[in-house]
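Student: Sequence plus predicted model, see below.
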Amino acid sequence: MIRAYDEIYLAKARMTLAWMFDYGVNGCGLEMEHFYKMFLTSSYVHRFEEGDCSVVAGLSGVELAQRIIMEVTGIREFPEPVFMLDRSPEYWLGFYLSYYQWYRNVMFEQITAYIAVTDILLMYRKYHEMDVMNFVYALDEMCENPEERQLSRLQAYRRRIGISQRELAERAEVPLRTIQQYEQKQKNINHARADYVLRIAKVLYCRPDDLMEIKNG
């Protein structure tokens, strides 16, 4: 398999994502799921996935977290980082998740399309002292649930942030029945009104393109 970047950068990339999660959650006091969504919607997620040396090797995890928060929110003042000898579960998540993303050569949003990042964080209890490949195989099994793979992308993103169809409809100002039809694929979201898709994407912290249904083959 051809991966996005050479293995010589992997150790630094893992440290960067590990400290990014640790600082974003424990340093800045953000909820894991909220901070992870910020990461996914920032320009840095694709640069990290593609092995941009200025990101995976040129930034510390704290710097990366700060740049993500600045880009998404505009905030420019941050708490001083505190480095503990004991590694946090959030640190472990970044350290292992970055390996999985590199090893399987997938995008972060693909990994968490059908499983919440907070559920992956719960794997810390069992896998934090195991070899990373045990984590890789376990996460493979979690991502291969055939029932979950039948979800529309809209439904997957809605479930990821934990809101109901009605709440999404109200917040996006889109008819509830329309949301239901898109999720059940009774209507093709690829042909939806542009303003509907834009508002839905804003509520779900994703790009409009992320909601499009892509046919394989």
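Tutor: Thanks, I have it. Numbering: from 1, shown residues only.
Student: rest of the way, CA atoms for contacts and neighbours
Tutor: Fine.
Student: Run a quick neighbour tally on Arg159.
Tutor: 18 (other CA atoms under 10 Å).
Student: any idea how far Leu151 is from it?
Tutor: To Leu151, Arg159 is 10 Å away according to CA to CA, to the nearest Å.
Student: try Tyr96
Tutor: Counting by CA to CA - Tyr96 and Leu151 are separated by 26 Å.
Student: okay, the two: which has more neighbours?
Tutor: Tyr96 (24 against 17).
Student: how close does the nearest residue to that one once chain neighbours are set aside sit to Met32?
Tutor: In space, and not counting its chain neighbours, Tyr96 is closest to Val132: 6.5 Å by CA to CA, 6 or more residues apart in numbering. As judged by CA to CA, Val132 and Met32 stand 21 Å apart.
Student: on that earlier part again, near the residue nearest to Tyr96, how many other residues are there?
Tutor: Counted with other CA under 10 Å, Val132 comes out at 16.
Student: And Lys202, by the same measure?
Tutor: Lys202 has 13 nearby residues by other CA under 10 Å.
Student: Local confidence estimate at it?
Tutor: The model reports Lys202 with a pLDDT of 93.
Student: ok, and for the top helix by length along the chain, which residues are buried?
Tutor: Secondary structure assigned by DSSP state H gives helix 89-104 as the longest helix of the chain. Neighbour-count burial for helix 89-104 flags 89-103 (criterion: 16 or more other CA atoms under 10 Å).
Student: per-domain residue ranges of the protein.
Tutor: 7-146, 151-206 (automatic domain parsing).
Student: ranking these by mean pLDDT, which is last?
Tutor: Lowest mean pLDDT within those: domain 151-206, at a mean of 89.
Student: From one end of it to the other, what's the distance?
Tutor: OK, domain 151-206 end separation, CA to CA: 17 Å.
Student: now stretch 118-138
Tutor: End to end - CA to CA - stretch 118-138 spans 15 Å.
Student: Just the buried residues of that stretch, please?
Tutor: For stretch 118-138, by 16+ other CA under 10 Å, it's 118, 120-121, 123-124, 127, 132, 135-136.
Student: and those residues as TSV, adding secondary structure and distance to Lys37?
Tutor: Shown next, in TSV, are the buried residues of stretch 118-138 (DSSP: H, G, I helix; E, B strand; the rest coil; distance: CA to CA, whole Å):
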residue	secondary structure	distance to Lys37
Thr118	helix	12
Ile120	helix	14
Leu121	helix	15
Met123	coil	19
Tyr124	helix	20
Tyr127	helix	24
Val132	helix	24
Phe135	helix	22
Val136	helix	22
